[in-house]
Structure formats: structure tokens, C-alpha cells
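Visitor: Next comes the sequence, and after it the predicted model I'd like to discuss.
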Amino acid sequence: MDFINQVINGLSTGSMYALVAIGYTIVYGIGKMINFAHGEIIMASAYFAYVGMSFLHLPALVAVILSIILTALLGVLTEKVAYKPLRGKGSLEVLITAIGVSYLLQNVFYMIFTSSGRTFPQIMPKGAINIGGLSITYITIITLIVSFVATGILLFFINKTRLGKAMRAVSEDQGAAQLMGINVSTTISLAFAIGSGLGALAGVIYGAKFSIINPYIGQMLGIKAFIAAVLGGIGSIPGAMVGGLLMGVAESLTIAYISSDFSDAVVFGILILVLLIKPAGIFGSNVREKV
Amino acid sequence: MKKKLIRELITALVLAIVVYAIFAIGFTTGIINSYWQGILMLVGINVTLAVSLNLATGYLGQLTLGHAGFMAVGAYVSALLSMYAHLPFVLTLIIGALAAGFIGLLIGVPILRLKGDYLCIITLAFNEIIRVIIVNLSITNGSKGLIGTPSDTTFLAVYLVAVITIFVVYSIVHSRHGRAIISVREDETAAELTGINIAYYKILAFVISALFAGLAGGLYSHYIAILVPKYFDYNKSVEILVMVVLGGMGNLPGSIIAAVALTIIPSLLISFSQYRMLIYAIVLIAAMLLKNSDAGIALRAKLPKLKKREEVEE
């Protein structure tokens, strides 16, 4: 029974990773870059929601929606200011800029809110449902539902709408998409907006789950979610979902049965194994590099 | 050609001795107090780190975020050898550096076929794994930190190591091997087609870079009173990267100046240390945008001084 409980806990954390991982995957698929600052954008979203509820005294739902909008804007802003000028200039430069953006956000929030943790308002009901020997907290259930619904809506958007089609076209071939009259710049911004918006959900879930937020929560969350995206096959949305869930379960089981000291090492170990054995990930397709 | 090289070498050697003499006079007359002597040692360690990372990131063009991990290997191996095996200082430094180089080889062989983003994140992963292992070993005293390493590191040792590092990296870069390494950065496919063994050169540069990071680590562990694994985290790797980026990737004097400046300025201004990471972030973004974006290139073209330098470079 304990084992099943741990798995369910892992799935809950994992679905949070999945929301973040989808952000990496969408941006990678369309912008062909890894947004190293994605974790910090999620940290920002948690603070947006926190300010909305604790200082402006908005109702929780309004604060969350506001946080999603602001985070999406922040994502687009970083893309316009830091990444767009470097488009097509070489991946090393973009990567270094992204590391810079991640530290910039971290330190701006450190300046404003200091490094001391802030208590995130309780927005989800405490308590748990007991079924047999299983005890599932409401937060776990809500997290799972929110992530699956959000992913479902996203998949529908990508596969069934015109804008989604444009996004798929840009990710397939930027040049050809441009020739077909698709505005590549707008599409990339859209990808950043969607990725950051989903990340905001993850940020709020993080706040609700751990009740304390500080400017450094984004770093590890971002790295773990990135690993989840690589595990699932970067560029694939179902892959990011599966990768996130697997990662959450692996981490939860490590903490429960081995040692919490090693949970980060196990996560990084997974990354190393995936990159060495199957760099394309579970759902990724092997793309041969053209010379 | 050879005559020119010998002349350059002698000039560099004389310069190194003169600079050291100035410092030595400063120490003996008391113009440079012991506080500043300590900071100068950190400067030397950071110069070694920046110059060695420049070989892997600047010249080879592979962004690695694991430099602090290699430094940690060198630091702990040499510290433990000093404490428990009572080996002479120089020997512990050498073994520490070799251990770091060996770990670099072990990691480098499988991962150097990855590129760009993946290489960056996997080196970061190894950095963290090295750190987690150190935290969980009992011999390293975990996260509480290692106390009791003899403080053998002198300014002369740091200075010599920095000079040797600069000399070795300079010699490699200006040799046949160096041109091969730079060709890998410029265009891997073209380099391979000209018959350059790119795997060999990638690993060569990576291992040498790790080796010197380990050497710097050994100096650091015999300098600091308490050796804590937290020091060698991701942020330290980024700090070294900032030195390389600020000095200019593939620019040795730049790395040296940046390492000196970024070590001394935070010690001068205590209030600055609070904003240190913020300023590092701005340096990274600004350097990349000014150097590579169209707007940045246009802006620099307006500044006559910079434009002139660029012409000389090309």
C-alpha cells in the first residue's frame, strides 16, 4: 500500500513537472532553442499569484488567471528582448543569453522579495480521501486533473486549430512555413506565451503544494522538468507528459526507499542514461543530421 | 618563425618574473597586507580557472557547465591526500589535477558527441552528481565541510600555477593542435573533411581544461579554512563562464583581465557582492547581444575605437 501511495505522490509531482516540461518542448519544437530561463519564469508566476492574493487580496481564481496572463507576457518579453535579436546566430550565444536571463530573473526577484521564503496562501482544500489503505490528498487530485485537462486542451489546440497548424508548420520547416505566409515571429512568440502560461499553472501548483516560495525554486524545478522533456523526447508534447510523470515517480520512490540525499543524483543519472543511450527520448524520432 | 617564438617566450618569462618581483616587494615591505595577499591568491586561482575553461568553451566552442565539478575533484583529492597520506603539497596538487583530468576523460569520452544545449546540461548534471557524491561520502565530512587541510598554498604557488596554465593554453592554441581545436569550433564537418580527428581534439581540449581546473581546486583547498561542497555548485561554474564571456571567448588576455576584475571588485565593494549575480547576469546578456545581434553590431560600428580593434582582429 505504501508503494502505491508513493507512486500516486510521484504522479502528482510528476504532473507538475509535465506542465513545465511542455513549456520546454513547445519552445524547442518551434524556436529550436532551449529556454534555460523557463524555470525562473515559473518562479515568477508563483510570485505573481502570491502578490495577487496576499497584497491585492484578489480571489484565488482571479489571481491565478492574472498570474497566467502576466507570466505569458513575461515569457514573450524575454523572447523579444533577449532571444529574438540572436535568432539564427548560433546556439552557443543563445544558450549563454538564456543562462543570463535565468540569473537576471532570479536576482530581480531576490531584490524585490529577498531570499526569505514567502508563505503561499492556501488555495486548495487540505485533507485527503481515504480509500482502503490509500490516502490521496486533494492537492494531488487537483494537480493531476489540472495538468491532464491543460494538456488535453493544448493537444486539441495544436492539432485542430489554424494557429496550431501554423505552429506545427513552423516546427517542421521554418523557411517553408514563412513562404506559405505564416508569420514565424508571431508563432514563436505564441509558443513562448503558451509555454509560460502552462508554466504559471505549475508555479501555482508548486506554491499550493509546498506552501513556501523563494526566488530559487525555479532553478531545480526547471532543470528537472527539462530532463523530463528530454526523457520523453524533446519536441513531443505527449512525451513531455510521460517524461514528467516518470520523473516524478522515480524521484518519489528514491526519496521513499533510498534516501532524499540521492534524489537529485537519480534525476541527473536518468538524464545521463537517456542522453547516452537514446538521446531522442521515448517519443522522439531520430532525425539524422544533414551535412 | 621559431626565432620569433623564442623571443616571445623570453619576453613572457621576463614579464612574469618582473610582475612577481613587484608583488614580492609589496609583500615584504608590507604595502600589500595579508588581507590583500589572500585576495590575490583567489585572483590567481580564478585566472587558472578562467583560462582553462576558455580552452574548452572559447577555443573548442563547447559550452560546459561542469568546471566547478572538476575543481571539486582536484580540491578534495589533494586535500584528503595531504590530511591522511601526508604527501608533499606539490605531489597532492599533481595527483589532484590528474584525478580531475581522469574524471574529465571518463565523462568526456561518452558525452562529447553531444552538442550545444545537451552538452551544456549533461556537464551540469555531472557537476551536480560529483557534488552529491562529495556530500554523501563520510571521508569528505559531507556538507559540514572538511576542516584541517594544511594551509600550504602560498602566493608563489598560485602565481606559478597561473603562469603555467597560461603558458600551456597559449602554446596549445598557437600550435598545430590549437589550429585543429579552433577548426572544430568553426565548422565540425569541414574540420572532419580536412582529416582532423575531431573526437580526439575535443577530448584533448576537454581533459586539459579539466586538469587545470583540478589544479586550481587543489590550490583552493589548501587555501580555504573549511572546504564545503556547496562552493562547487552550478553557480560557481556559471561564475567562471562569466569570466570567460566577459573577457571574450577565445581571448586569453581577456580571460585573465576579467578574472582579475571579477575577483577584486567584489572584495573592494562589500555592497557590490549583494548585486554580484545580478551584474553577472547582465554581463552575460549584454555581451551576447552586443556581440551578435544586428542592433549590437550596428551600435558598435558607431563607436570608432571598437571598430578599429575589430579591423585589426580580422
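Guide: Noted; the coordinates are in hand. Quick caveat: nothing in here was measured; it's all calculated off a predicted structure.
Visitor: Sketch out the strands for chain A, chain order is fine.
Guide: Per DSSP state E, chain A carries strands over the ranges A:118-119, A:128-131, A:134-137, A:212-213.
Visitor: Give me whichever of those strands is most buried.
Guide: Neighbour counts (mean count of other CB atoms under 10 Å in any protein chain shown) averaged over each of these peak at strand A:212-213, with a mean of 18. The C-beta positions use only the backbone N, C-alpha and C, and glycine is treated the same way.
Visitor: so what strands line up beside it?
Guide: Taking DSSP bridges as the criterion, strand A:212-213 forms sheet pairs with strand A:118-119 (antiparallel).
Visitor: Roughly how far does residue A:98 sit from residue B:207?
Guide: 27 Å (CB to CB, to the nearest Å).
Visitor: who's more crowded, these two?
Guide: Between residue A:98 and residue B:207, residue A:98 has the larger neighbour count (other CB atoms under 10 Å in any protein chain shown), namely 26 against 21.
Visitor: So the most centrally placed residue in chain B: helix, strand or coil?
Guide: Most central in chain B under CA atoms, centre = their mean is residue B:49, positioned 1.8 Å from the mean C-alpha point. Secondary structure for residue B:49, judged by DSSP: H, G, I helix; E, B strand; the rest coil, is helix.
Visitor: The helix or strand where residue B:79 lies: what's the following helix or strand?
Guide: According to DSSP states H and E, residue B:79 maps onto helix B:67-80. Next helix or strand after helix B:67-80 toward the C-terminus (DSSP H and E): helix B:89-111.
Visitor: and whichever helix or strand comes after that following helix, average pLDDT?
Guide: Next helix or strand after helix B:89-111 toward the C-terminus (DSSP H and E): helix B:116-136. Mean per-residue pLDDT for helix B:116-136: 88.
Visitor: Helix B:116-136 near chain A at all?
Guide: Yes - using CB under 8 Å from any CB of the partner chain, we find that helix B:116-136 touches chain A at B:116-118, B:120-122, B:124-126, B:128-129, B:132-133, B:135-136.
Visitor: mind listing what the residue nearest to the centre of chain B touches?
Guide: The contact partners of residue B:49, taken as CB atoms under 8 Å, 6 or more residues apart in numbering or on different chains, are B:67, B:71, B:212, B:213, B:216, B:240, B:243, B:259.
Visitor: switch the cut-off to 7 Å
Guide: Residue B:49 makes contacts with B:67, B:71, B:213, B:216, B:240, as judged by CB atoms under 7 Å, 6 or more residues apart in numbering or on different chains.
Visitor: if we can go back for a sec, just put the strands of chain A in JSON lines and tack on mean pLDDT.
Guide: Formatted as JSON lines, these follow (pLDDT from 0 to 100):
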{"stretch": "strand A:118-119", "mean pLDDT": "90"}
{"stretch": "strand A:128-131", "mean pLDDT": "82"}
{"stretch": "strand A:134-137", "mean pLDDT": "82"}
{"stretch": "strand A:212-213", "mean pLDDT": "92"}
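Visitor: thinking again about what came up before, what's the helix holding residue B:79 in contact with?
Guide: Under the criterion CB under 7 Å, 6+ apart, residues B:49, B:53, B:92-93, B:95-97, B:99-100, B:103-104, B:126-127, B:130-131, B:134, B:139-140, B:146, B:149, B:210, B:213-218, B:220-222, B:227, B:229, B:232-233, B:236-237, B:240 lie in contact with helix B:67-80.
Visitor: Let's test this: what are the backbone torsions at residue B:228?
Guide: With angles defined as degrees, to the nearest 10, residue B:228 sits at phi -110, psi 140.
Visitor: confidence score at it?
Guide: At residue B:228, pLDDT is 93.
Visitor: right, and it touches residue B:142 too?
Guide: No - applying CB atoms under 7 Å, one finds residue B:228 not in contact with residue B:142, separated by 9.4 Å.
Visitor: Could you check how far residue A:203 is from chain B?
Guide: Distance, residue A:203 to chain B, using CB to the nearest CB, to the nearest Å: 20 Å.
Visitor: show me what contacts that residue?
Guide: Contacts of residue A:203 (CB under 7 Å, 6+ apart): A:42, A:43, A:45, A:46, A:49.
Visitor: In JSON lines: those residues, plus distance to chain B, pLDDT and neighbour count.
Guide: Converted to JSON lines, these look like this (distance: CB to the nearest CB, whole Å; pLDDT from 0 to 100; neighbours: other CB atoms under 10 Å in any protein chain shown):
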{"residue": "A:42", "distance to chain B": "17", "pLDDT": "95", "neighbour count": "30"}
{"residue": "A:43", "distance to chain B": "14", "pLDDT": "95", "neighbour count": "27"}
{"residue": "A:45", "distance to chain B": "19", "pLDDT": "96", "neighbour count": "31"}
{"residue": "A:46", "distance to chain B": "20", "pLDDT": "95", "neighbour count": "30"}
{"residue": "A:49", "distance to chain B": "24", "pLDDT": "95", "neighbour count": "30"}
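Visitor: before we move on, the earlier item: what's the ChimeraX line that selects buried ones from the contacts of helix B:67-80?
Guide: Selection of buried members from the contacts of helix B:67-80 for ChimeraX, criterion 16 or more other CB atoms under 10 Å in any protein chain shown:
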select /B:49,53,92,93,95,96,97,99,100,103,104,126,127,130,131,134,140,146,149,210,213,214,215,216,217,218,220,221,222,227,229,232,233,236,237,240
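Visitor: Now residue A:234: closest residue in space, sequence neighbours ignored.
Guide: Closest residue to residue A:234 apart from its sequence neighbours, by CB to CB, 6 or more residues apart in numbering or on different chains: residue A:28 at 5.1 Å.
Visitor: now check stretch B:194-205, is it near chain A?
Guide: No - no part of stretch B:194-205 sits near chain A under the criterion CB under 7 Å from any CB of the partner chain; the closest distance found is 13.5 Å.
Visitor: what separates that stretch from the chain centre, distance-wise?
Guide: Here stretch B:194-205 is found 21 Å from its chain centre; the criterion is CA atoms, centre = their mean, to the nearest Å.
Visitor: Name the residues of that stretch that are buried.
Guide: Per 16+ other CB under 10 Å, stretch B:194-205 contains these buried residues: B:196, B:198, B:201, B:202, B:203, B:204, B:205.
Visitor: How about stretch B:258-273?
Guide: Buried, per 16+ other CB under 10 Å, within stretch B:258-273: B:258, B:259, B:260, B:262, B:263, B:264, B:266, B:267.
Visitor: Just the ones of those in helices?
Guide: B:258, B:259, B:260, B:262, B:263, B:264, B:266, B:267 (DSSP state H).
Visitor: Rebuild those as CSV, extending it with pLDDT and distance to chain A.
Guide: Below are these laid out as CSV (pLDDT from 0 to 100; distance: CB to the nearest CB, whole Å):
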residue, pLDDT, distance to chain A
B:258, 93, 14
B:259, 94, 17
B:260, 93, 21
B:262, 89, 14
B:263, 89, 18
B:264, 88, 21
B:266, 81, 14
B:267, 80, 20
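Visitor: Show me the two of those that sit farthest apart.
Guide: Largest separation among those by CB to CB: B:258 and B:267, giving 15.2 Å.
Visitor: still on that earlier bit, closest one to residue B:190 out of the residues of helix B:116-136 next to chain A, please.
Guide: Looking across the residues of helix B:116-136 next to chain A and measuring by CB to CB, the closest to residue B:190 is residue B:116, at 17.5 Å.
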